[in-house]
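Student: Sequence first, then the predicted structure, then my questions.
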Amino acid sequence: MEDGNGHRWTFRPALPPAPARRAADAGGGRGAEAVAPLAGTVAAVLVGAGQAVAPGDVLCVVHAMKMEHPVRADAAGVVAEVCAAPGAAVAAGEVLVRMEARAG
């Protein structure tokens, strides 16, 4: 796109929210880790340890860049550990929730 002053602008579609990252990708076991999509503040934690989750369930919400970014589970499992608390400052990629694969 070009404005009237000869400047050219290129627009790209926004990236989708960061899904939960497989622990196997990080050299871990059979679970998964939900990570912060951007640096920001944890607005809400919606799950607790031992809670079963389904793909797409919102695990927590990160407030960044004046927007709320839901962090969702990408697979069924059980919450093993909640690593962040509401109000905590988090870095991009920081682990918020660790999950274990659901037995069965």
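Tutor: Structure received. Keep in mind the model is a prediction, meaning the values are calculated, not measured.
Student: Phi, psi for the closest residue to residue 60 other than its chain neighbours please.
Tutor: Computed as Cβ to Cβ, 6 or more residues apart in numbering, the closest residue to residue 60 that is not its neighbour in sequence is residue 45, at 4.6 Å. For the C-beta atoms, the positions are set from N, CA and C on the backbone; glycine is no exception. Torsion angles at residue 45 (phi, psi; degrees, to the nearest 10) stand at phi -120, psi 120.
Student: Identify the residues contacting residue 45.
Tutor: Residues near residue 45 by Cβ atoms under 8 Å, 6 or more residues apart in numbering: 59, 60, 82, 84, 85, 86, 96, 97.
Student: The fifth one in helix, strand or coil?
Tutor: Secondary structure state of residue 85, per DSSP: H, G, I helix; E, B strand; the rest coil, is coil.
Student: Tell me where the model's unsure across this structure.
Tutor: 1-2, 9-30, 103-104 (pLDDT under 70).
Student: where along it do the strands fall?
Tutor: With DSSP state E as the criterion, the chain has strands at 21-22, 32-35, 40-45, 52-53, 58-64, 67-72, 77-82, 89-90, 95-101.
Student: which neighbours does the second one have in its sheet, and in what orientation?
Tutor: Okay, so that is strand 32-35. Strand pairing for strand 32-35, using DSSP bridges, gives strand 21-22 (antiparallel), strand 95-101 (antiparallel).
Student: Now render those strands as JSON lines, adding mean neighbour count and distance to residue 38.
Tutor: Output for those, formatted as JSON lines (neighbours: other Cβ atoms under 10 Å; distance: least, Cβ to Cβ, whole Å):
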{"stretch": "strand 21-22", "mean neighbour count": "15", "distance to residue 38": "14"}
{"stretch": "strand 95-101", "mean neighbour count": "21", "distance to residue 38": "12"}
